[in-house]
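> output the structure for:
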Amino acid sequence: MKKDFRETSKTGAVAWLLQRVSAVILFVILIYHFAVYHILARGNPPAWNEVVAKMQSPWFALLQFVFLTTALYHGLNGAWMVVEDYIHSRYLRLFIFSLIVLAAVALLFIGTLTIFKMASLKPGV
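Reported below is the predicted structural model:
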């Protein structure tokens, strides 16, 4: 497969930029996580009831969903960038891309289901 500079720059620039944007979003969410769960908690891990109580807030559940989708995009886009750089067989790339999409759909489904289940629990359970 022959690539010239123009083809690479047209197809990869947006993915490269979104990879950096998703990294910044992940960094902000992780700083929030460490501040709430580790620094403000003074080293004591949160109890199950506290986590369930936090998940009752639609804003917290939304933050978890944003974290899930951003982490999935960032990780799987990074994996795809590596595949694009090192795998030159068109059919192997198509197969690996299919696996990446399948993993993304499965993990997004499982993660979203977990967020909804946690949000529907009662804090005392």
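> quick check: which ranges of this structure have low pLDDT?
Filtered on pLDDT under 70, the chain yields the residue ranges 1-11, 124-125.
> can you pull out the helices in it?
When assigned using DSSP state H, the helices of the chain occupy the ranges 5-34, 48-55, 58-86, 90-120.
> and the residue lying closest to I87 once chain neighbours are set aside, what does it touch?
Excluding the flanking residues, the one nearest I87 by CB to CB, 6 or more residues apart in numbering is R93, at 5.1 Å. Backbone N, C-alpha and C define where each C-beta goes, glycine included. Applying CB atoms under 8 Å, 6 or more residues apart in numbering, we find R93 in contact with 83-84, 87.
> name the nearest residue to L63, sequence neighbours excluded.
L63 sits nearest to I29 (CB to CB, 6+ apart), 6.8 Å away.
> list the contacts of that neighbour.
Applying CB under 8 Å, 6+ apart, the residues contacting I29 are 63, 66-67, 70.
> please repeat the previous calculation with a cut-off of 10 Å.
Shown in contact with I29 (CB atoms under 10 Å, 6 or more residues apart in numbering): 63-64, 66-67, 70-71.
> indicate which one of the helices of the chain is closest to A41.
With CB to CB, the closest approach to A41 among those belongs to helix 48-55: 9.0 Å.
> in the closest one, what counts as buried?
Residues of helix 48-55 classed as buried: 52-55 (neighbour count, 16 or more other CB atoms under 10 Å).
> before we move on, what about stretch 103-112?
So, applying 16+ other CB under 10 Å, buried residues of stretch 103-112: 104, 108, 111.
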